[in-house]
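Visitor: dropping the sequence and predicted coords here.
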There are 2 protein chains.
Amino acid sequence: MGDTGNGKANKGGEWLAIDWGTSRRRAWRMSATGDVQDTLEDDRGVLAIPPGGFLAELASLRNRLGQLPALAAGMVGSNRGWVEAPYQPLPAGLPDLAARLTHVPGESFTIVPGLADTADVMRGEEVQLLGAVEAGLVPPDALVCQPGTHNKWAKLQAGRITGFTTVMTGELFALLKSGGVLAGMLDADATDSPAFRAGVAEAAEARDLSASLFKVRAAVLLKRLPLADAASFASGLLIGADVAPRLQPGPIHILAAEPLAGLYAAAIGTLGGHSIAHESGAAFLAGMRRIRELSA
Amino acid sequence: MGDTGNGKANKGGEWLAIDWGTSRRRAWRMSATGDVQDTLEDDRGVLAIPPGGFLAELASLRNRLGQLPALAAGMVGSNRGWVEAPYQPLPAGLPDLAARLTHVPGESFTIVPGLADTADVMRGEEVQLLGAVEAGLVPPDALVCQPGTHNKWAKLQAGRITGFTTVMTGELFALLKSGGVLAGMLDADATDSPAFRAGVAEAAEARDLSASLFKVRAAVLLKRLPLADAASFASGLLIGADVAPRLQPGPIHILAAEPLAGLYAAAIGTLGGHSIAHESGAAFLAGMRRIRELSA
């Protein structure tokens, strides 16, 4: 391999941070001192890339952001990604991640490991979680919620992840929207509204999600719920079912962008809990910077 | 309308019974004395038929089974069907249904009403439920479970339906199989197996379905669950979440065909309940025969 096509020439200087997830990809060109110089976000997530296609995807990304060494986290290191980066056990902090990086041979492309608990796995969220502590957003002992396709609830102790649970809230909403009897009812944007809060309350009280979800259709048919509120009610059911089993007396730290951050905060509040929302992009970069420093 | 194209010539003699659901359609040619002379089953469910297409579908069906008057139940009477047959309130028995039939003008096509509870609806299952009592399969006071895309749990008192709940178990399984992170893991047939029963137990204990479902993927990735068992485990989670909130001390009557009847019986048994399974096709026809007699 030459040193212009894979970024080796710039090792120690500028670099690329990549959050390469299932359906989305974000990348940042970082200066040697850790400032963001350029960024992109697109839909070239892992599932959009055919087998054998990662080398070309990386070349395309470097054509846009620069021929630089890259540090990536997320599903790119999964068995559906480019090269499998073995899961690391708990507890795990940033030094544990930095000590177990996987290098794609000859490509100056390095992958942060995911984490495995006894019955759960994560890839990508660990960098954001630990980066949120590194950035001073979240205290070293905290319960953190990361709403998304696969929401992660993580317990942090002394700045390390000691346990976590994945909840398929976003994926279930997307599947229900895409097909089945609720398809066509869920196209409006879910908003924090009486319908949303009614869904949250119903989910928490019934703890019977697959029955509660049918009430969306029934309530619309029986004209008890305006069609325009169906998405908010369904979102409330799913987020309520997600939040209710994990409420705690202390604050819940939310790492997400809007509108999900606001919906989760509303659900937590509806159920009597307390939340603090943080900007998630800064947390990811703080984690990646620290991993790069630790592995230098 | 002529009397050869819409079955009017045979009124009082042979007739067609049709169970016209969301995705499937079954039809029977019945003799004047109620015996089955011919039958068909196909995938011409309501969602497969374009707007305005029901007249042609009925003509095609009559070409196969005979130019006869038809009595239909199911989603054909919904707002996605041919003509909307208004929901009837609870409690409801076969005489209540027979008194509120909807006739498609000029087509000798009659639709049995669905039922509405305060927050739930059914179409088609009511005939099978009440027909099961009519046929002597299920006692007049019973809890009945009808596994399927949208499982119905109905409470019968004195031979009338007094309450019911819909659970989207089959639809959720189909959606998870069709897309998202579990797609490709659920293609094996779900069977009553240790993996299935482990799923049932997990669902009942956790009451946290959208988190438990992710464990299917995590357990396969962590090699705690063979890929071949993933469909059984996921089915156990969904059926366990369906059964657990509705267990009761007395027997639960199951109206379903295999393999679902066996899976629900296994789930009910795993959770300490007791079930009795009945053949569901006979129940539907018993209900339709009685409605036809009552409305003659």
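Guide: Nice, I can see it.
Visitor: going by C-alpha atoms from here, please, whenever you check contacts or count neighbours.
Guide: Will do.
Visitor: kindly report the residues of the stretch 51-200 of chain A close to chain B.
Guide: Proximity of the stretch 51-200 of chain A to chain B (C-alpha under 8 Å from any C-alpha of the partner chain) is limited to residues A:116, A:119-121, A:165-169, A:171-172, A:175-176, A:179-180.
Visitor: stretch A:106-119: which residues count as buried?
Guide: A:107, A:108, A:109, A:110, A:111, A:112, A:113, A:114, A:115, A:116, A:117, A:119 (16 or more other C-alpha atoms under 10 Å in any protein chain shown).
Visitor: quick one: which of those residues is nearest to chain B?
Guide: For those, the minimum distance to chain B (C-alpha to the nearest C-alpha) is 6.0 Å, reached by residue A:119.
Visitor: ok, the closest one - contacts?
Guide: By C-alpha atoms under 8 Å, 6 or more residues apart in numbering or on different chains, residue A:119 lies in contact with B:215, B:218, B:219, B:222.
Visitor: can you do 7 Å?
Guide: Residue A:119 sits next to B:215, B:218, B:219 when contact means C-alpha atoms under 7 Å, 6 or more residues apart in numbering or on different chains.
Visitor: top of those by number of neighbours, please.
Guide: residue B:215 (27 neighbours; other C-alpha atoms under 10 Å in any protein chain shown).
Visitor: what about it, which helix or strand?
Guide: Per DSSP states H and E: residue B:215 is located in helix B:214-221.
Visitor: check the contacts of residue A:119 against chain A, which are close?
Guide: B:215, B:218, B:219 (C-alpha under 7 Å from any C-alpha of the partner chain).
Visitor: out of these, which comes closest to chain A?
Guide: For the ones next to chain A among the contacts of residue A:119, the nearest to chain A is residue B:218 (4.9 Å; C-alpha to the nearest C-alpha).
Visitor: the closest one reaches residue A:118, doesn't it?
Guide: No: between residue B:218 and residue A:118 there is no contact under C-alpha atoms under 7 Å: 8.9 Å.
Visitor: quick one, domains of chain A?
Guide: Here the domain parsing of chain A from automatic domain parsing is A:8-166+A:281-295, A:168-278.
Visitor: now the last one: mean pLDDT?
Guide: It refers to domain A:168-278. For domain A:168-278, the mean pLDDT works out to 96.
Visitor: and the helices in the stretch 51-200 of chain A, which stretches?
Guide: For the stretch 51-200 of chain A, helices defined by DSSP state H, counting those that start in this stretch occupy the ranges A:54-65, A:94-98, A:125-134, A:169-178, A:194-206.
Visitor: most residues in a single helix of chain A, which one?
Guide: In chain A, with assignment by DSSP state H, the single longest helix is helix A:280-295.
Visitor: hmm, back to that, may I see the domains of chain A organised as a markdown table, with distance to residue B:78 added?
Guide: Below are those laid out as a markdown table (distance: least, C-alpha to C-alpha, whole Å):
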| stretch | distance to residue B:78 |
| --- | --- |
| domain A:8-166+A:281-295 | 33 |
| domain A:168-278 | 9 |
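Visitor: okay, now residue A:272: neighbour count?
Guide: 12.
Visitor: so it: helix, strand or coil?
Guide: Three-state call for residue A:272 (DSSP: H, G, I helix; E, B strand; the rest coil): coil.
Visitor: same question for residue A:250.
Guide: coil.
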